[in-house]
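Visitor: got a predicted structure here, sequence first:
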Amino acid sequence: MPAEFDAVLKTPFGALGVRTEGEAVVDISFLPPGTPPAAPRNALAGRACRQFAAYLDDPRAGFDLPLAPAGTPFQRRVWRAIAAIPRGQTLTYGEIARRLKSAPRAVGQACGRNPYPVVVPCHRVVGANGGLGGFDSATGGYLIDTKRWLLRHENAL
């Protein structure tokens, strides 16, 4: 397991790496297909993996993980707006920007810096005119495939 992760969970779209510090999750990372799984190194990483596995089995499963404070005040506002998007629905970058009196590009940048993907469901933010938009600061490859998988999993695509 890469040293920076406390657990790596194999998923249908690749893998999720979980990093913890003390009693909080500090990072969740999408890892490419073929990344080997690794058993949790601590109880919190195990709890995160169990909750992700439950979500992967049933998108109605929720998350109850302690997340370390992160980001700028603006990023936190965007992440709160994203967290309020109901499962099975999407909003565009522009819709969130209008709600926050900001710009779509700034919302996209905040989405790309989300340290807690899936828990803070940035995959539910899409481009205008039905396009997927970017994902985790990527516009192609396995990350866009991951976004597509997550949206299909939640019946939002």
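Guide: Nice, I can see it.

Visitor: so where does the nearest residue to residue 54 once chain neighbours are set aside fall, helix or strand?
Guide: Of all residues not flanking residue 54 in the chain, residue 61 sits nearest, at 3.9 Å (CB to CB, 6 or more residues apart in numbering). Every residue, glycine included, has its C-beta placed from N, CA and C. In this structure, residue 61 sits in neither a helix nor a strand according to DSSP states H and E.

Visitor: what residue lies at the spatial centre of this protein?
Guide: Centroid check for the chain by CA atoms, centre = their mean gives residue 117 as the closest residue, at 1.3 Å.

Visitor: which one is that residue nearest to, not counting chain neighbours?
Guide: Nearest residue to residue 117, sequence neighbours excluded (CB to CB, 6+ apart): residue 28, at 5.7 Å.

Visitor: now the one you found, what's its secondary structure?
Guide: What DSSP: H, G, I helix; E, B strand; the rest coil gives for residue 28 is strand.

Visitor: residue 156 is in contact with residue 124, correct?
Guide: Yes. At 6.6 Å, residue 124 counts as touching residue 156 under the criterion of CB atoms under 8 Å.
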